[in-house]
Each structure stands twice: as structure tokens, then as C-alpha cells.
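*Asks:* What would the 3D arrangement of this be:
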Amino acid sequence: MRRFPDGFLWGVSTSAYQVEGAVDVDGRGRSIWDTFSHTPGKVENGDTGDVACDHYQRLESDLDLLPELGVNAYRFSIAWPRLFPDGRGRVERRGLDHYDRLIDGLLERGVEPVVTLYHWDLPQALEDEGGWLSRDTVEAFAEYTATCFAAYGDRVRWWVTQNEPWIIGVLGYQLGIHAPGMTDLRASVEAMHNVLLAHGRAVQELRAGGTGGKVGAAFSLFPNYPATDTDADRDAARLSGEYVNRWFLDPVLKGSYPDDMRALYEERVGPLQLDGLDTIATPSDFVGVNYYTRRVMRAAPGREPFPWDVEPARPGVPVTDVGWEIVPECLTDLLMTLKQEYGDVPVLILENGGVFEDAVHDEGRIDLIRGHLAAVRDAIEQGVDVRGYCHWSLMDNFEWAMGYRARFGLVHVDYETQARTVKDSGRYYAQVARANGLEDE
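*Replies:* Coordinates of the predicted model:
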């Protein structure tokens, strides 16, 4: 058996808006995703997170799924508008109490809380004042995070400040696919910078609060490869790596933005005010990795806004049911690159998974899990300090602009009855987690 390190975290992940529902319960304020999902044409089938998996109301029975899945960690997000309905100022006690019950319920079951502070559900009241384009939102986030650290820091050892700043900026502000639905390249860059500033401010608040715990951000990372061995394609892959990976890793871990990507942005939007790098680089304790697939890049001179194309899935490469290439070996490459470029920084894999439409007998997801865990083990054997793996996701849920079509869960959810059924993949994952190792091939 290929064993994992002692104390390895075996987890599953969710986020508040994707599973909780109960959007008008116990004083919760509106979020940008409430607004966006209720805007006609923004989400497939007109789906919203109003009910989602009803996780807020079904908390105890859902927490009972975790021992059945063999996990010792649960990554979830706190809904900012449940605690601060107006984004700042007045605190909603009922919201605080809910996450108290969640955290206590996890600890009673021997499950480690891994708490994400921001997973895209910005209070609408803050969006109305400028959202992530305003520095005031950065300070509102610092206020919110300080409240969370004071309330839960006695029991929470793992904090994730921001989930996927690249997705926030590109899908939310550049392409308009996610909330708040803007299509402005300059706004995208400014929003991503402010999200990183908010990460840094949250780390500072944790250090100042004296509650201890480890803190880092979760980045959506894609290894980038040239489509051919030409200089042009190699350059496209390098620049794409700066666009999706290093634009976030470098400021957090090195205190600087990559020069070539900054020049590319400024050619298109003019000079950028990217101050506060010392704040962004306030030392983190780990890097959160969200990995799903790779990017194969082909040069496309003259294409706007960037001179490259992302190649479609290659013939003969297995794909998920939404066409994402399943390439576990690229996860090993990604983890080795992190070690080479940033040193021995501890890593938590906070999302990894795929869409498979098979309701319960999901052999494809089992193969995906097996392959990616083997890839993680390969990286550990080569010296990467991986502390844990959280599968996305615990259960099928509201998958943002795709609505309820895309099923990522280890647990099947019947959205009409809210019945939960552990899938074959969930039972496989439980075996691996309990053994803390993979059976030899």
C-alpha cells in the first residue's frame, strides 16, 4: 500500500451559497449571487441557490455523512451576509450561532473544520457601494474576518481567506459569466488586486487576534503546456502561466507581480495602481491548490485581449462529462513546479474532482480520484509538503452558472426530495481515507 503521511487531512469541500439554501432565514442579507442568479439568462435553466441542498436546515444529518465517508476534515465556507447582512457594522447573532453549531458538530464527530472566509457570496450591500472595485470592501472584509477569528478561533486551526481570486476576477469582472456580471478588463485586474489585498488584511487580522491557526488562500491553478515545441507556443504557455497562476502566487509568496503579464495588462488598460504588496505578502502558512485540469496553449498573434488560444481536449485523452481533460499526472507537475518556484511551502489540496452524470454508480469518478491521489502521492515522494486533500465536493450542489446540471458530489442529491445517497465513489474514497493509503496497482 502507498501510504500518506501521518496526520494527513482527508476531506470534502462545499461552499455556503452552493449548498445552504435558506437565503431568507435567520436574518441573512442578500449576496451578489442572490441578485445574479435571479437575473434572467445568467444561470442555466433559471436555477438559483434559494434552496440548493437545504444544508442550512439539514445540518445534523448532513454532518452524519462525514463519518460515513471516512473523512477527518470538512472544508466549508461562512456566508459573509449571514454574519453581516449589510456587509459591515451590525452582526447577526443567529448567523454566528449557526456556524458555532456546525463547528461543534464537526469536532464531536472527529472532523477538522477547514473554514473558507470568502467563497464568492459578497454582501449585495457592499456591491452597491462598489464591491471588489472599492478599497472600502477590503476593510469591510478585514472587519468580517476579525469577527470570525474571535468567534471560532478557539476551535478552528485551518483558515482559507479567499477562494480562487482568478475566477472572481475573470469570470465575474472580465467575462461576465459569474456575479457581479461585469465585462471590463481593467475592472477585472483591479478586483483581483483588491481580493488579494483582502487576503493580506485577513492574515494580518489573524496574527493580531492571537487565536493561532494556519491561514492561506485557495488558488485555481492550471499547469500550462505549449501545443507544439515552437518558441511562439512555448511563450504562450509561459504567459498563460503568469495569467492564471503567477499573477496570484507571486504577490502572495514573493511580494511582486510578474513583469511580462503586468506589461500585457498595461498595454491594454493603461497604468495600474497595484500598491499594498507588503500587505498581500504578509506571510501565509500554506498554499491552497484547487486543481481540475490543464491548459494547452497555442500562440494567436493579434487575438484580444491576449495573444493565445486554449486548445480543446486532445483526442484519446479521457474527459469528464463536461469535457474537461482528466490528466492526473499534470497535478504532479503542478505541485513540483510550486516547490521549485516557491520553496517548501506547505500545500493543502482544497478542490479536485469532476462532473459525472451517473447518479450513484460513478466508476468514472472513482478512476479520477484514484489517479489524482496517486499523483499527489508521487509529488509527496518527490518532496512536496502536501498536508491534505479535500475532494470537490461532499454532495451535488448548485454549480454557479451551470445551475444544477453539473454533479460533482460524492453524495447524490435528489433535488425534488432532498434525499441523499452515497455514491460508489464516496464509498471508495472512504476506504482510501480510512486506510490513509492507496492499494498498490
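
*Asks:* where in the chain is pLDDT low?
*Replies:* Scanning the chain for pLDDT under 70 picks out no residues.

*Asks:* which strand residues sit across from the most centrally placed residue in the chain in the sheet?
*Replies:* Note on the chain: the residue nearest the mean C-alpha position is residue 163, at 4.1 Å, using C-alpha atoms, centre = their mean. In this entry, residue 163 is beta-bridged to residue 218, by DSSP bridges.

*Asks:* could you list every residue that touches it?
*Replies:* 15, 77, 116, 118, 119, 120, 217, 218, 290 (C-beta atoms under 8 Å, 6 or more residues apart in numbering). No exception for glycine: its C-beta is placed from N, CA and C like everyone else's.

*Asks:* From residue 167, how far off is the second one?
*Replies:* So the one you mean is residue 77. Residue 77 is 14 Å from residue 167, where distance means C-beta to C-beta, to the nearest Å.

*Asks:* Pick out whichever of these two has more residues nearby.
*Replies:* Neighbour count, other C-beta atoms under 10 Å: between residue 77 and residue 167, residue 77 has more, with 24 against 18.

*Asks:* Just want the phi and psi numbers for the more buried one.
*Replies:* Dihedral pair for residue 77: phi -120, psi 150, per degrees, to the nearest 10.

*Asks:* give the contact list for it.
*Replies:* Applying C-beta under 8 Å, 6+ apart, one finds that residue 77 lies in contact with 14, 15, 16, 115, 116, 117, 118, 119, 121, 163.

*Asks:* Go through the residues you listed and name the one nearest residue 235.
*Replies:* Nearest to residue 235 out of these is residue 163 (C-beta to C-beta; 30.1 Å).

*Asks:* thinking residue 154 is in contact with residue 211, fair?
*Replies:* Yes - Residue 154 lies in contact with residue 211 (C-beta atoms under 8 Å); the separation is 6.7 Å.

*Asks:* Looking at those two, which is more packed in?
*Replies:* Taking other C-beta under 10 Å, residue 154 and residue 211 do not tie; residue 211 has more neighbours (19 against 11).

*Asks:* Would you state the helices of the stretch 301-441 of the chain in chain order?
*Replies:* Residue ranges of the helices in the stretch 301-441 of the chain, as given by DSSP state H, counting those that start in this stretch, are 328-342, 363-381, 424-435.

*Asks:* just so I know, which of those lies nearest residue 173?
*Replies:* The closest of the helices of the stretch 301-441 of the chain to residue 173 is helix 328-342. By C-beta to C-beta, the value is 25.1 Å.

*Asks:* Buried residues, the closest one. List them.
*Replies:* Residues of helix 328-342 classed as buried by neighbour count (16 or more other C-beta atoms under 10 Å): 328, 330, 331, 332, 333, 334, 335, 336, 337, 338, 339, 342.

*Asks:* Now do the last one against residue 286, distance only.
*Replies:* Look at residue 342 and residue 286: by C-beta to C-beta, they are 11 Å apart.

*Asks:* Also residue 210?
*Replies:* Distance, residue 210 to residue 286, by C-beta to C-beta: 20 Å.

*Asks:* More neighbours: these two, which one.
*Replies:* The neighbour comparison of residue 210 against residue 286 (other C-beta under 10 Å) goes to residue 286, with 22 against 9.

*Asks:* wait, residue 415 sits on residue 404?
*Replies:* Yes - under the criterion of C-beta under 8 Å, residue 415 makes contact with residue 404 at 5.9 Å.

*Asks:* And those two? Which one has more around it.
*Replies:* The residue with more neighbours, out of residue 415 and residue 404, is residue 404; 19 against 15, by other C-beta under 10 Å.

*Asks:* In contact with the more buried one, which residues are there?
*Replies:* Neighbour list for residue 404: 45, 47, 396, 397, 398, 415 [criterion: C-beta under 8 Å, 6+ apart].

*Asks:* which other residues reach stretch 294-314?
*Replies:* Residues from elsewhere that reach stretch 294-314 (C-beta under 8 Å, 6+ apart): 185, 222-228, 230, 232-233, 235-237, 239-240, 243-244, 264, 268, 319, 323-325, 327, 330.

*Asks:* Show me the contacts of residue 77 that map onto helices.
*Replies:* residue 16 (DSSP state H).

*Asks:* now, which of the contacts of residue 77 sits nearest residue 282?
*Replies:* Taking these together and measuring to residue 282 by C-beta to C-beta, the closest member is residue 117, at 14.8 Å.

*Asks:* where along the stretch 251-400 of the chain do the strands fall?
*Replies:* 287-290, 295-299, 308-310, 347-351, 386-392 (DSSP state E, counting those that start in this stretch).

*Asks:* Tell me which strands the last one pairs with, and in which orientation.
*Replies:* The strands that strand 386-392 pairs with in its sheet are strand 9-13 (parallel), strand 347-351 (parallel) (by DSSP bridges).

*Asks:* Please tabulate these in CSV and include mean neighbour count and distance to residue 358 as additional columns.
*Replies:* Shown next, in CSV, are these (neighbours: other C-beta atoms under 10 Å; distance: least, C-beta to C-beta, whole Å):
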stretch, mean neighbour count, distance to residue 358
strand 9-13, 26, 18
strand 347-351, 26, 21
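
*Asks:* would TSV of those strands with distance to residue 141 be doable?
*Replies:* Formatted as TSV, the strands paired with strand 386-392 follow (distance: least, C-beta to C-beta, whole Å):
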stretch	distance to residue 141
strand 9-13	21
strand 347-351	19
